[in-house]
Every structure is written in structure tokens, then in C-alpha cells.
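Starting from these lines, generate the structure:
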Amino acid sequence: LGVRCILGVEPGAFATDVETTVRLGHAALEGASRARVLMALGPLPGSEAGEDEVRAGLLAPYAALAAETDVLQAGSASLRAFDEHAPLCLSRRVVQGVLRGELKMGGLIAASLPEDASAEAALNAGVDLILQPKDALAVIDILEAAVLAKRLTESVLDRALRRLLVAKERLGLFAERTTE
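A predicted model of the protein is given here:
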């Protein structure tokens, strides 16, 4: 992953209005693509606001840029308008329904998890890539146990791997390999 493109009105964001945020986000994504760097949009923050306010404000820049990004980082806070109980990175309704369904995000959805034990829930929700787990070997063991117990299907892992390989292919990482 390369540079994070923070969108919205929270501190560190590109701009406080949707139009400027989208314009700057588009330019950042275009530059990253030319440099063959995966850029993650996000992290998508949580919100206590109602559904209409979330769609018009918080989600608007992501909706405008989802088709041209390879990675969207789901945050670990909640989007109460869509799921009152789960952090957005663990919510199937948010990841599958909103991000993949409504925003048409076809690329990777990445997440920094609140705890490594939630890796199974994140993948079942539709997250493809776990960012910097505290204990990567423990996460592998958790996921292996989940597959063996049939709580996590191999097809979920296959889809996540396919999205990662498509992103790498788009950047030309298989065509031009250099090693030092």
C-alpha cells in the first residue's frame, strides 16, 4: 500500500467540502497510478449521523472515487445509520451492502482491526486485506481454524486473493519484476 487519501471533514482530510475533496482525491489517485503505487482511500471514519447525512457528506467523496481506486480502507468505528452494533470493518451490511453494493467498490477493502481475533469476522464481512495485525501468525491460525470449522469458506479467501492479484496486475507488478 502506498499513500492514504483521507476524505471528508475530519482532521487530516484533503478538504472540508465534497467537491474539493473529490478533485484532490482524483489527482492523488491519478498520480499514484502513474507511479505504480496502490493508494488506499480512507480510512472511512465512523459516524453517529443519520443515513441521509452520512450519504450526502461522509460517503459522497468515496462514492465519487470508488470506481478508480484499488483500495478502500474501512475504519474500526461504527456507522450507526447502517449498523448499530458492529464496527464498519466487521459489518457485512456496511462492507457488502454499502461499500461493495451502493458505492460499487470492486477493489480491495482493507482494515486495521480493533483486535486480531476479529480477523474471521472481518473476512466474512467482506474485508480482503488485514493491515498490520499485532500477531500475523495468530491471525493465520485463527483463519485456518475458521476454514477447518467451516465458519469461513475458501471462496471468501479466494475472492480476497483475486482482488489483491488484480490490483497487482493492474500496476504491472507481474510484467516488470526487478530484484536487487
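
Check the secondary structure at L72 for me.
When the structure is reduced to helix, strand and coil (DSSP: H, G, I helix; E, B strand; the rest coil), L72 reads as strand.

Now for it, how many residues are close by?
Here the count is done by other C-beta atoms under 10 Å, and L72 has 25 residues near it. No exception for glycine: its C-beta is placed from N, CA and C like everyone else's.

Helix or strand: which one has the residue nearest to it when sequence neighbours are not counted?
Spatial nearest neighbour of L72, chain neighbours left out: L41 (4.9 Å); criterion: C-beta to C-beta, 6 or more residues apart in numbering. Secondary structure assigned from DSSP states H and E places L41 in strand 40-44.

Report all helices and strands that that strand contacts.
strand 4-5, helix 60-65, strand 71-74 (3 or more C-beta pairs under 8 Å, 6 or more residues apart in numbering; DSSP states H and E).

So which of the ones you listed is nearest E19?
Proximity to E19 (C-beta to C-beta) singles out helix 60-65 among the helices and strands packed on strand 40-44, at 9.1 Å.

Report the buried residues of that closest one.
The neighbour-count criterion (16 or more other C-beta atoms under 10 Å) identifies A60, P61, Y62, A63, A64, L65 as the buried residues of helix 60-65.

Check the third one and give its pLDDT.
Each residue has a pLDDT score; the one for Y62 is 87.

which residues touch it?
Taking C-beta atoms under 8 Å, 6 or more residues apart in numbering as the criterion, Y62 is in contact with L7, L41, G42, L44, L72, L99, L103, M105.

hmm, back to that, looking at the buried residues of helix 60-65, spot the one nearest D116.
Within the buried residues of helix 60-65, distances to D116 taken as C-beta to C-beta reach their minimum at Y62, with 26.2 Å.

For this protein, name the helix or strand with the lowest mean pLDDT.
Considering only helices and strands, the least confidently modelled element of the chain by mean pLDDT, DSSP states H and E is strand 4-5, at a mean of 61.

Just give me the neighbour total for A56.
One way to gauge burial is a neighbour count; for A56, by other C-beta under 10 Å, it gives 11.

no no, A117
Neighbouring residues of A117 were enumerated by other C-beta under 10 Å; the total is 12.

do the same with the one 10 residues further on
The local packing of V127 (other C-beta under 10 Å) involves 28 other residues.

Now do the nearest residue to it once chain neighbours are set aside against K104, distance only.
Closest residue in space to V127, ignoring its immediate chain neighbours: A111 at 4.7 Å, by C-beta to C-beta, 6+ apart. In this view, A111 and K104 are 19 Å apart by C-beta to C-beta, to the nearest Å.
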